[in-house]
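A.B. asks: Provided below for reference: sequence and predicted model.
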Amino acid sequence: MIKTIEKYRLFLTALTVFLAATFAVGQPAAGYAAAGPWAQNDHGRLRLISAGDTTEAGAAVNRGLGDGYLLGLQVEMEPGWDIYWRSPGDAGFPPTLDWAGSHNLASAVMEWPVPHRFSLFGLETFGYDVEVVLPLVVQPEDPAAPLDLKARVDYLTCNEICVPHSEALSLSLPPAAARSGGADPELYLLDYYRRQVPRRDDGAGLAIESVHLEGSLEAPVLVAAVRSTKPFTAPDLLIEGPPDFSFAKPEVTLSEDGTAAELRLAAKAARNAGVLEGKQLILTLTDVDRGVEDEALLRFRTLPPDAAQPAGLPAFDWPVFLRMLGLALLGGLVLNLMPCVLPVLSIKLLSVLKLSGRERRDVRASFLATAAGILFSFLVLASVALALKAAGLSVGWGIQFQQPLFLLAMTLLLTLFACNLMGLFEIHLPAAVGDHLTPGDGRGLGGSFLTGAFATLLATPCSAPFLGTAVGFALARGPLEILSIFAALGLGLSLPYLTVAAKPGLASLLPKPGVWMLYLKRVLGLGLAGFAVWLLHIVAVQAGTEAAAVAGLLLVALALLLWGGRRLFGPERRLATPVLATLLAVAVLLLPVRFAQHDALAEASAEDAWPVLDPAGIASLVDGGQVVFVDVTADWCITCQVNKQLVLSDPAVQARLSEGGVALQRGDWTSPDPLISAYLADHERYGIPFNAVYGPAAKDGILLPELLTKDAVLSALDKAAGRAAGKAAGS
């Protein structure tokens, strides 16, 4: 019945557009259609369209939008492919638009017509297939001036697999004097879909009369009483609320005349998600192409017997909490041995050598300041995580390394440190500043504090043993757990510094300063330069080879400038201004080039050419009898690269993964990916590396440790397949 209605709706849409176009052709004063060029790929095409062919016409025909006017994102999909609604459900992410580069644009608000429900393997998602126009209410800065729009659209299209796309769209609307103005055929298409946008009123003839909870705190059922001015065809209820809860497809009970219905939706909570009682939800009632939106505060009509349990976060479990604090302490301590932290330890080593022979109180103060910098930085990270969670955004360990600008800032710092260690320049600060930044006399501790903060920043792309478990526990809970676990991580990372602070005599075991330190400084400087080159490699993956090459050339030019600094800033001071101005001009003109996120699929090497992670498709593969090995990695994750080289490339592991009954999936988290973030959060993990094995005997997955071993991988594969460890396939 629903498919018949959909076909009828599509026929009417096509007929309406055809008649409108025919009418427009017969009216020469109406002007031409205002639509941008199509952006096309293997799964569909999309473009920007406007209700009028000028800015003035667009405002005149758009009914109460004031100075704004109506545009639309028109998407046509290949058969079987679909895109997602603003709240995609159990998987996926909605289309997003970045208007960078547009001119005369003050704001653009996207509206969402009534979506369809897609049910697959127990997952409920919401989106659009065949065709949709997402209305855009646009406010120009100057209504009388032309509008030049540039939009970068990131979206996910799915069939049996999901493929992310990023397309560039454009649309230009001249001022009224340049064109005849008037309504175009696109107006009718926009009106058709804009009438389907759910509103918070009864304009669609639908109403949500009441909402309450039934059942128990552990297994609640949302019950909604709804009404329609005409008989329902296929009523549905879409729920947006706490991310830790999902809702099944509603069970519908219609009244005799079909104008009233009761919808019952079973709720499912993620582990340790708390309770639904008292949560605020956004409800969207739909019936084919009609919709109405409302809000509801969920309450039990009759309190269940277990309602005396505390609401909100799960009950505080002291033994579990203390065990996680211990894991966090160990995880932070192990971070000192990870490659990410070694570059900054070289800087601290030189500081220690300079302290050799100084008074014990100077040594103690310097190391305490470094530990304080580490602890302070971890508490800042915890505060940022709390703010992101409160805003409903994804959080994770090391996600700042997904941002090219952050990587460039770290590369610049490492380059400056390397140049300093190799003797290319010396920093001569005023005495008042130097007293605070230079350790050694008991008063200047700022440099040691900053060394600790720098160590924390460089530690975050590494996921050490115990760390992933502790961070996952914290980020799935409340402020107390997040602050405590992050403080324990900081304490663990700072333990070596605290040990020396407690026993300053340990510093005297190091050799006395001498000429040999000059050679050591150059070696350590080369190490820092190598780390900077590695960060540029990550920039190349995220922002493109051209951007990384430009940044590298500028850093080399900076190093050459520092090397020749004495001449430039000595008697030949007049050369400094043109050299610095040239470097600045090159940076301004070239550095922002190509900072669009690259498609990881297009640039994947043959070594990394695994099928892309598809969480929604894992269940179907397992139901078909296959074992699924999932690897979530990133180029900035050193532990991931160690796992790949030492374990996943092992001949025995490769032979097992190449068997016919094993399916591989890889998620590349080098750049931000909401799908991967959601998948990790579903497993209470917020950092990488992440590896899991699914199979007929392990449908919920077997999570592997951060540092893989050959035995752990092979054992998990055998266990998921339901066979004895080490038993060959087919034997």
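C.D. replies: All right, it came through fine.

A.B. asks: what pLDDT does Pro175 get?
C.D. replies: Looking at Pro175, its pLDDT is 69.

A.B. asks: repeat for Leu123
C.D. replies: For Leu123, the model assigns a pLDDT of 79.

A.B. asks: Likewise for the one 4 residues further on?
C.D. replies: What the model reports as pLDDT for Gly127 is 94.

A.B. asks: same thing with Leu156?
C.D. replies: For Leu156, the model assigns a pLDDT of 91.

A.B. asks: That one belongs to a helix?
C.D. replies: No - counting by DSSP: H, G, I helix; E, B strand; the rest coil, Leu156 is not found in a helix; it is strand.

A.B. asks: For it, the count of nearby residues, please.
C.D. replies: For Leu156, the neighbour count with other CB atoms under 10 Å is 21. Glycine gets a C-beta too; all of them are placed from N, C-alpha and C.

A.B. asks: With the one 5 residues further on instead?
C.D. replies: Each residue near Ile161 was counted by other CB under 10 Å, and the total is 12.

A.B. asks: In contact with it, which residues?
C.D. replies: Residues near Ile161 by CB atoms under 8 Å, 6 or more residues apart in numbering: Pro611, Val612, Asp614, Gly617.

A.B. asks: Sort out for me which of these are in helices.
C.D. replies: Of those, the ones assigned to helices by DSSP state H are Gly617.

A.B. asks: Identify, from the contacts of Ile161, the entry nearest to Leu97.
C.D. replies: Among the contacts of Ile161, Val612 lies closest to Leu97 (CB to CB), at 23.2 Å.

A.B. asks: where does the closest one sit relative to Arg152, distance-wise?
C.D. replies: Going from Val612 to Arg152 by CB to CB, to the nearest Å gives 21 Å.

A.B. asks: circling back to that earlier point, type out the ChimeraX command that picks the buried ones from the contacts of Ile161.
C.D. replies: The buried residues among the contacts of Ile161 can be selected in ChimeraX (16 or more other CB atoms under 10 Å) with this line:
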select :612,614,617
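
A.B. asks: Going by distance to Ala365, which of the contacts of Ile161 wins?
C.D. replies: For the contacts of Ile161, the nearest to Ala365 is Val612 (52.0 Å; CB to CB).

A.B. asks: right, and that closest one touches Leu675 too?
C.D. replies: No - shown here, Val612 and Leu675 do not form a contact pair, counting by CB atoms under 8 Å, at 9.4 Å.

A.B. asks: Spit out the residues that contact those two alike.
C.D. replies: Residues touching both Val612 and Leu675 by CB under 8 Å, 6+ apart: Cys162, Gly667.

A.B. asks: Next, find the distance separating Ala619 from Val541.
C.D. replies: Separation of Ala619 from Val541 (CB to CB): 31 Å.

A.B. asks: do the same with Leu412
C.D. replies: Relative to Val541, and taking CB to CB, Leu412 is found at 19 Å.

A.B. asks: where's the residue nearest to Glu295 when sequence neighbours are not counted relative to Asp294, distance?
C.D. replies: Of all residues not flanking Glu295 in the chain, Ile282 sits nearest, at 5.7 Å (CB to CB, 6 or more residues apart in numbering). Per CB to CB, Ile282 is found 8 Å from Asp294.

A.B. asks: of these two, who's got more company?
C.D. replies: Taking other CB under 10 Å, Ile282 and Asp294 do not tie; Asp294 has more neighbours (19 against 14).

A.B. asks: For the host helix or strand of that one, which outside residues touch it?
C.D. replies: Asp294 is located in strand 290-297, with elements delineated by DSSP states H and E. Here strand 290-297 makes contact (CB under 8 Å, 6+ apart) with 113-114, 196-208, 211, 278-285.

A.B. asks: let's see 7 Å
C.D. replies: Strand 290-297 has contacts (CB atoms under 7 Å, 6 or more residues apart in numbering) with 114, 196, 198-200, 202, 204-208, 211, 280-285.

A.B. asks: Now do that strand, average pLDDT.
C.D. replies: Average pLDDT, strand 290-297: 88.

A.B. asks: What are the buried residues along that strand?
C.D. replies: For strand 290-297, the neighbour count (16+ other CB under 10 Å) marks Arg290, Gly291, Val292, Glu293, Asp294, Ala296 as buried.

A.B. asks: on that earlier part again, for the contacts of Ile161, name the two members farthest from one another.
C.D. replies: With distances taken as CB to CB, the most widely separated pair in those is Val612 and Gly617, at 10.0 Å.

A.B. asks: where does the stretch 51-200 of the chain have low pLDDT?
C.D. replies: Where the stretch 51-200 of the chain drops to pLDDT under 70, the residues are 53-67, 121, 175-185.

A.B. asks: Tell me where the longest helix sits in the chain.
C.D. replies: helix 360-390.

A.B. asks: Could you give the separation of that helix from the chain centroid?
C.D. replies: Centre-to-centre, helix 360-390 and its host chain are 25 Å apart (CA atoms, centre = their mean, to the nearest Å).

A.B. asks: cool, and stretch 321-332?
C.D. replies: 26 Å.

A.B. asks: Stretch 324-334 now?
C.D. replies: Centroid separation for stretch 324-334 versus its chain: 26 Å, with CA atoms, centre = their mean.

A.B. asks: what do you get for stretch 206-213?
C.D. replies: Distance, centroid of stretch 206-213 to centroid of chain: 34 Å (CA atoms, centre = their mean).

A.B. asks: Give the buried residues for that stretch.
C.D. replies: Across stretch 206-213, burial judged by 16+ other CB under 10 Å covers Leu206, Ala207, Ile208, Val211, Leu213.

A.B. asks: Val471 and Gly687 touch, don't they?
C.D. replies: Yes - in this structure, Val471 is within contact of Gly687 by CB atoms under 7 Å, at 5.7 Å.
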